[in-house]
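Chemist: Quick one: sequence and predicted model below, then my questions.
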Amino acid sequence: MLGGALRRRVRWLPFGLSDAPLSRLLVGVAVVIVLAMIPMLDRNSSHISAFADTGYVMILAFGLNIIVGYTGLLALGFAAFFAIGSYTYAFLASPQYGVHLSFWPMLLVSAAVAAIFGLLLGAPTLRLRGDYLAIVTLGFGEIVPQVFQNLDKYTGGPDGIAGIDQPRLFGYAFGFNPTPYYYLYFVIIVICLVLLNNLRNSRVGRTWMAIREDELAAEHMGINTTSAKLLAFSLGSAFAGVAGVIYAAKLSTVSPSGFDFNTSVMILAAIVLGGMGNLIGVLFGSAIIGLLNFFVLPQSSNWAHSLGTALHMDFLQGVDLNAYRFMIYGIILVLVMLFRPEGLVPSAARRAELHAEQEAGAGIALQEQAEFGADIP
Amino acid sequence: MADIHQFFQQLINGVALGGVYALIALGYTMVYGIIELINFAHGDVYTLGSFFSLSILGLIPLSHIASGPALGLIALVVILAAALLCGIVGVLVERLAYRRLRNAPRLAPLITAIGVSLILENIMQLWKGNSEVPFPQFLPDRWHIVGGVKFDDRAVLVVAVSVAFMIALNLFVFRTRLGKAMRATAQDRDAAQLMGININSTIAWTFFIGSALAGVAGFISGMYYGTTFFLNGYQAGLKAFTAAVLGGIGNITGAMLGGFLIGIVEAMTSQYISDQWTSVVVFSILILILVFRPSGLLGEQVPEKV
């Protein structure tokens, strides 16, 4: 009874948890508590730093998921907006120009700047066909870091900007300690999840998915597809802007090399692996990719080295699994697209869309069987 | 006068560079024309061409061969071998990664192509390492001065080889049965199939020829620049794609024209603006064309298929 009353007050819980049985709700609460306790259980600060960095992969994946997963627009140079968010914060909170704005409002300012650039790029290009749009965004993704690199008078060139301010909260300085960043990402990710879950089920979210399923039909239903696509593009970019601010603050430095195509591909791999268009899928996919990137690959190289020392096997000491990182992303992209295009944790609609042919085929077969009175096993 | 000389000097550089882009752009445009896929891995097949050439050249005791004609013969053999190997890679990629997705939503094969590109790049990185690899300069190199403009045999080689292969491709596409089958498949796959054309083998041949031309480009760019690098194909591929779009995607003559234009734009940018802005200029051109004239210079306006 109490559970029911409580949940009626919290309709905004993500993943249908508002309507879920109490047991599922408890599992959700337990997962959140365990994740929140990780920095207390594992006190190795390089581990916590890796877990924290997974946070920016997640926020970027949320943003890209709005564009690619919900609206079906393939944007390849997503790291450009991440770069714009990072540099916006770096310009306004570092010795570069002697401006030191506070971290917290800058989260919103950078989100707005990234969204504006999303609008500027999107307005002329969003009417392009899917694969052309992919290439235009890819070109933009190449141009942005190049511009930051070339305008060295203003941006510090290839070395970037150092000494970026780090956040303070009620007098507590975050500094280079990864733990507060872990909790900051944690809180922001929870906020994103609640926001996105509501957005997905709202009129806007349903508009996006209508465009993804069939743009022409959506247009005929009276949807203003241009403004809906622009909204998706700029909102997705805003997420990248937020991620950029925290990323720049945690490192206290930004440089153009952090925002190349590889970053865009990492985020794409995360949402493709998890399941485009499904929040839980995106969360899983970005957790796997983030942990692989920041934790498993660096750590497993170390494990191989210590194993090599223990067993006196020299070749193990030369192992550097980081060198295989992009092979792994590539294999993920190819295998998922070939064998499970809906991702590990798909949304029902997306799965239906991607397997439409097979299911239509199965439907016809059943119908034929029924018509001809064949034995149905 | 020096300015004029500089201009022509850069024009020659641009044409040589353009020959390489044109050869790569042909592969993009042929594949796009026939299955509407931006073969993202194509640029990496080009780099693979220079890597194959390097390995083959490593097998030949070049220092013991002095005569010019023999060296020319070796160059020809290496070009053809690199083209053959790249062609095989292209066919394998199509068979393993793209064919299953031919009727899937269009973004699925594009994402697969990005995956294939990453895999090829990583393989090449593990193969020849993380730094620039020198390319043996075994052909005799003479400098020519015509009207105050200096150029060497390598520039002549690049332009001659790329133009020769473009003429051969044109003859092939417009004068042979297989070429006709390709054009028919590009126009209407289902109708072509009804006419008895084997779609799978036609598409496989398209990939073979496109990738083989990228292999040729890999060899001649190695000869021209004297080095190669496992990531070269990413930017070069994107620029060649820009060339294909500039010329009108799906249009073979357009790809050649676009290739030379992009090469010249790049050379002129590095002369008159700055070396470090060439990519920005080329990719801005890409965005501007796609926004204002997506059909390119020679392409036809194609309405979106419903």
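Modeler: Everything's here; your move. Numbers count the residues shown, from 1 in each chain, chains lettered A, B, ... in the order given.
Chemist: do you know how far B:L257 is from chain A?
Modeler: From B:L257 across to chain A, the span is 19 Å (CB to the nearest CB, to the nearest Å). Where C-beta positions appear, they are placed from N, C-alpha and C, glycine not excepted.
Chemist: ah, wrong one, I meant B:F40
Modeler: Applying CB to the nearest CB to B:F40 and chain A gives a distance of 9 Å.
Chemist: Make sure that residue is indeed in a strand.
Modeler: No: under the criterion used here (DSSP: H, G, I helix; E, B strand; the rest coil), B:F40 is coil, not part of a strand.
Chemist: Tell me where the chain has strands.
Modeler: No chain was given, so I picked chain A. In chain A, the strands defined using DSSP state E lie at A:93-94, A:99-100, A:161-162, A:168-169, A:172-173, A:253-254.
Chemist: The chain in question should be chain B.
Modeler: B:133-134, B:143-146, B:149-152, B:227-228.
Chemist: Name the spans of chain B whose pLDDT lies under the cut-off.
Modeler: Residue ranges of chain B with pLDDT under 70: B:1-2, B:65-66, B:300-306.
Chemist: Can you pull the residues of the stretch 51-200 of chain B lying near chain A?
Modeler: B:97, B:100-101, B:103-112, B:114-119, B:121-123, B:125-126 (CB under 8 Å from any CB of the partner chain).
Chemist: Generate a PyMOL selection restricted to the buried subset of those.
Modeler: Selection of buried members from those for PyMOL, criterion 16 or more other CB atoms under 10 Å in any protein chain shown:
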select buried, chain B and resi 97+101+104+107+108+109+110+111+112+114+115+116+117+118+119+121+122+123+125
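Chemist: In helices, which of the residues of the stretch 51-200 of chain B next to chain A appear?
Modeler: Taking DSSP state H, the ones among these that sit in helices are B:107-112, B:114-119, B:121-123, B:125-126.
Chemist: Could you check the pLDDT of A:M40?
Modeler: pLDDT for A:M40: 79.
Chemist: residues near it, how many?
Modeler: Neighbours of A:M40 under the rule other CB atoms under 10 Å in any protein chain shown: 9.
Chemist: Next: B:P294.
Modeler: 18.
Chemist: try A:A323
Modeler: Neighbour count for A:A323, taken as other CB under 10 Å: 14.
Chemist: Ok, the one 3 residues further on next?
Modeler: If you count neighbours by other CB under 10 Å, A:F326 ends up with 21.
Chemist: go on, B:P140?
Modeler: So B:P140, with other CB under 10 Å, has 11 neighbours.
Chemist: Spatially, which residue comes closest to it, not counting chain neighbours?
Modeler: Once flanking residues are discounted, B:P140 sits nearest to B:G68: 6.1 Å by CB to CB, 6 or more residues apart in numbering or on different chains.
Chemist: got the contact list for the residue in the stretch 151-300 of chain B positioned nearest to chain A?
Modeler: Nearest residue of the stretch 151-300 of chain B to chain A, counting by CB to the nearest CB: B:F283, 3.9 Å away. B:F283 makes contact with A:G139, A:F140, A:E142, A:I143, B:L238, B:T242 under the criterion CB atoms under 8 Å, 6 or more residues apart in numbering or on different chains.
Chemist: Mind doing that once more with 10 Å?
Modeler: A:77, A:135-136, A:138-143, A:146, B:235, B:238-239, B:242 (CB atoms under 10 Å, 6 or more residues apart in numbering or on different chains).
Chemist: so can I have CSV of the strands of chain B showing mean neighbour count?
Modeler: Converted to CSV, the strands of chain B look like this (neighbours: other CB atoms under 10 Å in any protein chain shown):
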stretch, mean neighbour count
strand B:133-134, 13
strand B:143-146, 9
strand B:149-152, 15
strand B:227-228, 18
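Chemist: how much space between B:G226 and B:Q137?
Modeler: According to CB to CB, to the nearest Å, B:G226 stands 6 Å off from B:Q137.
Chemist: what touches both of these two?
Modeler: Joint contacts of B:G226 and B:Q137 (CB under 10 Å, 6+ apart) are B:R154.
Chemist: Mind naming the longest helix for the chain?
Modeler: If you meant another chain, say so; for now it's chain A. helix A:225-251.
Chemist: that's the wrong chain, I wanted chain B
Modeler: Per DSSP H, chain B has its longest helix at helix B:2-35.
Chemist: With adjacent residues omitted, what lies nearest to residue 36?
Modeler: Went with chain A since none was named. Leaving out its chain neighbours, the residue that sits closest to A:A36 by CB to CB, 6+ apart is A:F186, at 6.5 Å.
Chemist: look at chain B instead
Modeler: Once flanking residues are discounted, B:E36 sits nearest to B:R106: 6.9 Å by CB to CB, 6+ apart.
Chemist: swap in B:V161?
Modeler: Nearest one to B:V161, counting by CB to CB, 6+ apart, is B:I220 at 5.3 Å.
Chemist: Can you pull the residues of the stretch 151-300 of chain A lying near chain B?
Modeler: Proximity of the stretch 151-300 of chain A to chain B (CB under 10 Å from any CB of the partner chain) is limited to residues A:152, A:157-158, A:212, A:214-216, A:260-262, A:264-265, A:268-269, A:272, A:276.
Chemist: and with 8 Å instead?
Modeler: A:L216, A:F261, A:V265, A:L268, A:V272.
Chemist: Can you say which two of these are spatially most distant?
Modeler: Farthest apart among those by CB to CB are A:L216 and A:F261. That separation is 31.5 Å.
Chemist: In the stretch 151-300 of chain B, what residue spans correspond to helices?
Modeler: Counting by DSSP state H, counting those that start in this stretch, one finds helices in the stretch 151-300 of chain B at the ranges B:153-175, B:177-187, B:189-194, B:199-225, B:232-247, B:252-272, B:278-292.
Chemist: and among these, the most buried is which?
Modeler: Highest mean neighbour count of the helices of the stretch 151-300 of chain B: helix B:232-247, a mean of 27 (counted as mean count of other CB atoms under 10 Å in any protein chain shown).
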